[in-house]
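> For reference, the sequence and a predicted model appear below.
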Amino acid sequence: MNPFFRSEFCYIITVIVIVLCLSSYGVCLETRTLTPSTVLRDSDTLVSQGKIFSLGFFSPSGTTRRYMGIWYYVSKVSVVWVANRDRPLNDSSGSITISTDGNIVLLNGNNETVWSTNATTSPRNTSAQLIDDGNLILLDQSNNVPLWESHKHPTSGFLPTLRLSHNTNTGEKVRVNSWRTSQDPNYGNYFLGLHVSIGIQQLFSWNQDRPFWRSGPWNGRVFTGVIRMSSEHVDGFSMVNEGGTYYFTRSFRQNLIVKDILNPDGILTGEIWNNQTGHWDRSYKGPDVDCDVYNNCGPFAFCNQYNSPICQCLRGYEPLNKQQWDGGNWTGGCKRKTPLQCERSNNATDKSKEDLFSQLRMVKVPDLIQWSPGLENECRSLCLRNCSCIAYSYDTDIGCMYWSETLIDIQQYQADVGLELYIRVPYLELDKQKDKKVIIIVLVIISLVVISICLFFSWWWMSKRKKKNVIERQKTEETNLMNSTPIVLRNPEDNVNIEELPLYSIETLVNATNNFLTANKLGEGGFGPVYKGELPNRKEIAVKRLSTISGQGMEEFKNEWAKSVDTFTVRGPLTQTEFSTAIKILTDDSPYKVPGVRDFYNLN
């Protein structure tokens, strides 16, 4: 044989052998179809066509137990569905295939069935596909009809296209169920699902059979009690009724990888995959605060996370057990203070006073809703005519909602979310509220009047006192002018008295010159600055303030003044300052327009 053909033949045989070997080990890493001839072993995975989800074997963190599950292709730790959640494998000898009866089966190392779809009982030509929305489908290949879907048997993952449902005819529900713990995928205590009653659709999460969280009623676009929910959220929400079975679905943009998980503690967390960081970013969680928890404040009370305390009784109600309520235990709720008009029907004097309604805005309306079609004004009149009606609410897309027995799980929001709730209260109760408002308004007005009067009299008294002080100061200065001890000026050459002057205080000169204001400064002389001023008797004066840095002595000043005294007439007083031992002489008839050095003299 030609060596070339011999090598070509060997190459082809080698490829065929490798393919057959790989097929026998079930390696289908890039296909979305599982057939009876395909076997997935522990290390193999089945990947959806768009590489969004993978199916294979995994172990929870901190354990060696093996489970068959589905997770996001980008992150194996993000498991959203588990097949054998209550029957784990103890080793890695398990395998996944299509059985002879056409079901998807999980086998252990002894080829014993650990888990099965149990969709067929007779042999069929079937295959399994993993879709890009995370749904594992068992198909009848003869007609391409789904025989079984993992979306109809969800575990902890609330996948984007998964449909929560409630069949009102049979009571059957498709609900999400949490893991038992973070390391145990077994059936947990918490469920998330849809509940429909008398035409009202709501989402609930339950702790076993007890409500844990509630969404409020669906209005055709959103659940009215979910604060972050709006019709524009991503691509919207949908509620459909197919022959008495209601389905709630969500839709997201195709480029988003969204993961919603119901955790073992009952908290639903939403995350979006960040391609840039390679991590999940938290988008929401719920319940998020205490007020989100179902009926946190008990009956006839409402919860507002921004109030202190967060629980308050509805208007017309008071705590059932005040001691427990004041201690922070609100589960007992509240009771009515005064009977309604219907309850007082035997009292003729009260019959004429019809019950009224107290409004509570931006709330998740109570649970146990009764519904009827009608306009808003009809809701009110219908409730008043029915003695068992204790509250009502109205939404354009829902209609009239009534409550007749109790009011539980009321949550009030700060944002513009929720509906308006009208609570039926006795006429006397609102009358008391009006009286309280009137009393408060009157007290506020009286307080303002009293404060205004006090402020006026304080201002009047202070003005009067200030004016009195000015008059007294003027009188004192005039008295000082008349009664001050005269100071004798003598000519040193002939020892003759020149003139006698009264003594002024430093305060008088400070007031006259406005505290020696710079704007009143007339100039600078050899002995210091010169200021203009005005005495209380309207007499204009000029004051020379002796500067300590002038270098002039008192003896030189006396001689200078005595020589110049004939030049002008000295008419002002003298003063002794706190700033120096000099005495200042003031004059009011200087012959100069702007006084100079010779116009002012200081003596000891």
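Received it, and whenever you're ready, just let me know what you need.

> When you work out contacts or count neighbours from here on, use the C-alpha atoms and nothing else.
Fine.

> What is the neighbour count of the residue nearest to Leu320 when sequence neighbours are not counted?
Of all residues not flanking Leu320 in the chain, Cys334 sits nearest, at 4.6 Å (CA to CA, 6 or more residues apart in numbering). Counted with other CA atoms under 10 Å, the neighbours of Cys334 add up to 24.

> try Ser178
When neighbours are counted by other CA under 10 Å, Ser178 registers 27.

> Enumerate every residue touching it.
Contact partners of Ser178, counting by CA atoms under 8 Å, 6 or more residues apart in numbering, are 155-156, 185, 187-191, 261-264, 266.

> Tell me how far it lies from Glu318.
Relative to Glu318, Ser178 is positioned 38 Å away (CA to CA, to the nearest Å).

> Next: Pro426.
Counting by CA to CA - Pro426 and Glu318 are separated by 14 Å.

> follow-up on the earlier one: can you name the residues that contact the residue nearest to Leu320?
Contacts for Cys334 were tallied using CA under 8 Å, 6+ apart; they are Gly298, Pro299, Phe300, Ala301, Cys313, Leu314, Tyr317, Glu318, Pro319, Leu320, Asn321.

> can you give me phi and psi for it?
Dihedral pair for Cys334: phi -130, psi 170, per degrees, to the nearest 10.

> between the contacts of Ser178, which is closest to Asp44?
Pro185 (20.8 Å; CA to CA).

> In the helix or strand encompassing the closest one, which residues are buried?
Element membership for Pro185 (DSSP states H and E) is strand 184-197. For strand 184-197, a neighbour-count test (16 or more other CA atoms under 10 Å) marks 184-196 as buried.

> now these as JSON lines including distance to Leu164?
JSON lines is the format used below for the buried residues of strand 184-197 (distance: CA to CA, whole Å):
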{"residue": "Asp184", "distance to Leu164": "24"}
{"residue": "Pro185", "distance to Leu164": "20"}
{"residue": "Asn186", "distance to Leu164": "20"}
{"residue": "Tyr187", "distance to Leu164": "18"}
{"residue": "Gly188", "distance to Leu164": "18"}
{"residue": "Asn189", "distance to Leu164": "18"}
{"residue": "Tyr190", "distance to Leu164": "15"}
{"residue": "Phe191", "distance to Leu164": "11"}
{"residue": "Leu192", "distance to Leu164": "9"}
{"residue": "Gly193", "distance to Leu164": "6"}
{"residue": "Leu194", "distance to Leu164": "6"}
{"residue": "His195", "distance to Leu164": "10"}
{"residue": "Val196", "distance to Leu164": "12"}
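
> Among the residues you listed, pick out the one closest to Ser37, please.
For the buried residues of strand 184-197, the nearest to Ser37 is Pro185 (29.5 Å; CA to CA).

> what's near enough to touch the closest one?
Contacts of Pro185 by CA under 8 Å, 6+ apart are Val82, Arg85, Asp86, Ser178, Trp179.

> residues near the second one, how many?
Read it as Arg85. Using other CA under 10 Å, the number of residues around Arg85 comes to 20.

> okay, the spatially closest residue to it that is not a sequence neighbour: pLDDT?
Nearest residue to Arg85, sequence neighbours excluded (CA to CA, 6+ apart): Asn186, at 4.7 Å. On the pLDDT scale, Asn186 is placed at 97.

> Quick check: Asn186 touching Asp86?
Yes - contact criterion CA atoms under 8 Å: Asn186 and Asp86 qualify, at 4.9 Å.

> ok, back up a step: can I get the strand holding Pro185 in PDB, CA atoms only?
Extracted C-alpha coordinates of strand 184-197, given in PDB (Å, rounded to 0.1, in the frame of the first residue of the first chain):
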ATOM      1  CA  ASP A 184     -28.700  21.900  51.800                       C
ATOM      2  CA  PRO A 185     -30.900  22.200  48.700                       C
ATOM      3  CA  ASN A 186     -33.600  20.100  50.300                       C
ATOM      4  CA  TYR A 187     -37.100  21.500  50.500                       C
ATOM      5  CA  GLY A 188     -37.100  24.600  52.700                       C
ATOM      6  CA  ASN A 189     -39.700  26.400  54.700                       C
ATOM      7  CA  TYR A 190     -40.400  29.300  52.400                       C
ATOM      8  CA  PHE A 191     -42.500  29.500  49.300                       C
ATOM      9  CA  LEU A 192     -43.200  32.300  46.800                       C
ATOM     10  CA  GLY A 193     -46.300  32.100  44.600                       C
ATOM     11  CA  LEU A 194     -49.400  33.700  43.300                       C
ATOM     12  CA  HIS A 195     -52.700  33.700  45.200                       C
ATOM     13  CA  VAL A 196     -56.100  34.600  43.600                       C
ATOM     14  CA  SER A 197     -59.200  35.200  45.700                       C
END
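
> quick one: low-confidence ranges for the stretch 401-550 of the chain?
For the stretch 401-550 of the chain, the stretches with pLDDT under 70 are 430-439, 470, 472-505, 526-527, 546-550.

> Would you state the strands of it in chain order?
Assigned by DSSP state E, counting those that start in this stretch, the stretch 401-550 of the chain shows strands spanning 410-412, 419-425, 487-491, 496-501, 503-504, 521-524, 529-534, 540-544.

> so is Arg221 in a helix, a strand, or just coil?
coil (DSSP: H, G, I helix; E, B strand; the rest coil).

> low pLDDT regions in the chain?
Applying pLDDT under 70 to the chain picks out residues 1-31, 230-235, 343-352, 430-439, 470, 472-505, 526-527, 546-604.

> Setting the sequence-adjacent residues aside, check what's closest to Val363.
Gln412 (4.2 Å).

> And for Pro146?
Closest residue to Pro146 apart from its sequence neighbours, by CA to CA, 6+ apart: Leu139 at 4.5 Å.

> what number of residues lie near the closest residue to Arg124 other than its chain neighbours?
Counting by CA to CA, 6+ apart, Arg124 lies nearest to Gly102, which is 5.1 Å off, once chain neighbours are set aside. By other CA under 10 Å, 26 other residues sit near Gly102.

> Need phi/psi at Gly102.
Dihedral angles (degrees, to the nearest 10) for Gly102: phi 90, psi 10.

> I'd like the distance between the residue nearest to Val363 and Gly528.
Counting by CA to CA, the gap from Gln412 to Gly528 is 78 Å.

> Compare the two (neighbour count), which wins?
Using other CA under 10 Å, the more surrounded residue of Gln412 and Gly528 is Gln412, with 25 against 18.

> isn't the more buried one right up against Pro366?
No - counting by CA under 8 Å, Gln412 stays clear of Pro366, with 10.8 Å between them.

> okay, Pro426 and Glu318: which has more neighbours?
Per other CA under 10 Å, whichever of Pro426 and Glu318 has more neighbours is Pro426, with 23 against 19.

> about what we covered before: now do the next helix or strand after the strand holding Pro185 and strand 184-197, the angle between them.
Using DSSP H and E, the helix or strand that follows strand 184-197 towards the C-terminus is strand 200-207. Per axes from the mean of the first three to the mean of the last three CA atoms, to 10 degrees, the angle that strand 200-207 makes with strand 184-197 is 150 degrees.

> ok, and what's touching the following helix or strand past strand 200-207?
Using DSSP H and E, the helix or strand that follows strand 200-207 towards the C-terminus is strand 210-214. Strand 210-214 is contacted from outside by Gln202, Leu203, Phe204, Ser205, Trp206, Gly225, Gly266, Pro287, Asp292, Val293, Tyr294, using CA under 8 Å, 6+ apart.
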